[in-house]
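Participant: whatever this is, show me its structure:
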Amino acid sequence: MTADFAQVLAAVSAASPVGRASTVIVAIDGFSGAGKSTLAGRVLAEVSGTVVHTDDFAAWDNPLDWWPRLIEQVLVPLSNDEAARYQRYDWDAQQLAEWHAIEPGGLVVVEGMSSSRGKFRPYLSLLVWVDAPRELRLKRGIERDGERMRGAWLDWMASEDEWAAEEDPRSHADLIVSGTR
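Facilitator: Predicted coordinates:
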């Protein structure tokens, strides 16, 4: 069954921190172009919190293997009730850029492809999967990044498919949301 926005909002509001942490960490996952950023924005417009984008860690040439940095710089400190501090990756400059700090407590939404990966699950309070057809996702990506990026998008989608075949992230989701609306 597909959850609606009210159900997502209720689940986020009811989520509890993992272990002895004071921070609720919610993953909003799904393939690129599915509507994850839109959903995260809607949630954070209703519930005060901070968003961490996996795109601040990934790169065109590194769509999946950036995850240790997110664990070390964000998830572990927050799980220990310590401030998180991470460096954003600048896609245009192709290098690490400014630092961002997150104080423990409250809500942190980790938004982006593979945000519910197995290595992250021990830290997550709630996993939301956003579903959308491949054709729509590619169309959205090309509209955002331009036709010249079609090849990069197709390569990225192939990496996503490979990761999903290994981890089956949709099956671990607490809620599944349609990204077609």
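
Participant: pLDDT on stretch 148-165, on average?
Facilitator: For stretch 148-165, mean pLDDT rounds to 94.

Participant: same thing with stretch 128-141?
Facilitator: The average pLDDT within stretch 128-141 is 97.

Participant: off-centre distance for that stretch?
Facilitator: Put simply, stretch 128-141 sits 14 Å off its chain's centre (CA atoms, centre = their mean, to the nearest Å).

Participant: what comes up buried for it?
Facilitator: Buried residues in stretch 128-141, counted by 16 or more other CB atoms under 10 Å: 128-132, 137-138, 140-141. C-betas here are computed from N, CA, C, even on glycine.

Participant: equivalent analysis for stretch 13-29, please.
Facilitator: Those would be 15, 17-18, 21, 23-29, for stretch 13-29 by 16+ other CB under 10 Å.

Participant: what's the answer for stretch 33-53, then?
Facilitator: Of all the residues in stretch 33-53, those buried under the rule 16+ other CB under 10 Å are 33-37, 39-40, 43-44, 47, 49-53.

Participant: phi, psi of the closest residue to Asp4 other than its chain neighbours?
Facilitator: Using CB to CB, 6 or more residues apart in numbering and skipping residues adjacent in sequence, the residue nearest Asp4 is Val177, 7.8 Å away. Main-chain dihedrals, Val177, degrees, to the nearest 10: phi -120, psi 140.

Participant: many thanks, we can stop here.
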